[in-house]
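Participant: Provided below are the primary sequence and the corresponding predicted coordinates.
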Amino acid sequence: MKRIVILISGRGSNMRALFEARLPGKIVAVISNNPVAPGLHYARQQGTEIRIINHRDFADRDAFDTALANEVNSFAPDLVVLAGFMRILTEAFVLRFAGRILNIHPSLLPAFPGVNTHQRALDEGVRLHGCTVHFVTTALDHGPIVIQAAVPVLPEDDEAALAARVLEQEHHIFPLAARWFLDDRITLQDGRVRIDSTLRFPKAVISPNGQN
Ligand code: GRF
């Protein structure tokens, strides 16, 4: 059984979606840098191992990252999932688990890396927004893309409404990407993700759909 370690910082709704997806693997630990992350409550109820590595307890980013990497490594993970983990990881961490770290980002990368993605999408007037699951590399929010989901940006949207529409899709595509990884249906080749050719996809997503 493949071993999964999930890193969180906050609410943990993506972590929950991963638990509920009954993945072909075992979530062996949930690790948080935030001792009061609301998501820890649900993780405890699942009976999984919980670890808190509080970045505030460390003199600098390298020291924190080394401690975090050692803790992650102690669970011998096949897959490390960043599910709303809000710390930027050092190169040493990323290289140690290279090809085994997935992140979810709330935009259609490479558009809107970084924070405040929903407000920035509204400010730019884009018609499509969404989320991206990607492998983590040393470039922030820039690793090889596994899957993206697009949602329309509607005229009446505010940041909260748009965030909620995107989050619903996050909960859909993150478990899907994790499942593909665990089932060996995706591979990294020359910095790109190759997806098992037996998986089928629609030809286009258009928004607004123009059918009214
Ligand atoms: C999500 O929008 C995720 O894309 C971003 O941080 C948020 C975390 O939400 N990286 P949750 O903690 O999974 O509910």
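Facilitator: The structure has been received and is ready for your questions.
Participant: pLDDT on the helix ranked longest in the chain, on average?
Facilitator: Counting by DSSP state H, the longest helix found in the chain is helix 159-182. The pLDDT scores in helix 159-182 average 97.
Participant: same check, this time on stretch 194-209
Facilitator: Computed over stretch 194-209, the mean pLDDT rounds to 79.
Participant: can you pull the contacts of the closest residue to the ligand within the chain?
Facilitator: Closest approach of the chain to the ligand (C-beta to the nearest ligand atom) occurs at residue 84, with a separation of 2.7 Å. Yep, even glycine has a C-beta here, placed from its N, CA and C like the rest. By C-beta atoms under 8 Å, 6 or more residues apart in numbering, residue 84 lies in contact with 8, 9, 10, 11, 12, 13, 14, 15, 39, 104.
Participant: show me the contacts for the residue nearest to the fifth one when sequence neighbours are not counted.
Facilitator: Ranked by C-beta to C-beta, 6 or more residues apart in numbering and with sequence neighbours excluded, the top spatial neighbour of residue 12 is residue 39, at 1.8 Å. For residue 39, the contacting residues are 8, 10, 11, 12, 13, 15, 16, 30, 32, 84, taking C-beta under 8 Å, 6+ apart as the criterion.
Participant: got the buried residues for stretch 73-90?
Facilitator: 75, 77, 79, 80, 81, 82, 83, 84, 85, 87, 89, 90 (16 or more other C-beta atoms under 10 Å).
Participant: tell me the secondary structure for the closest residue to residue 172 other than its chain neighbours?
Facilitator: Among residues not flanking residue 172 along the chain, residue 149 sits closest, at 6.4 Å (C-beta to C-beta, 6+ apart). Here residue 149 is strand, with the state taken from DSSP: H, G, I helix; E, B strand; the rest coil.
Participant: and what of residue 40?
Facilitator: helix.
Participant: not counting its neighbours along the chain, what's nearest it?
Facilitator: Counting by C-beta to C-beta, 6+ apart, residue 40 lies nearest to residue 32, which is 5.8 Å off, once chain neighbours are set aside.
Participant: may I have the beta-bridge partners of that neighbour?
Facilitator: On the basis of DSSP bridges, residue 32 is bridged to residue 8, residue 52.
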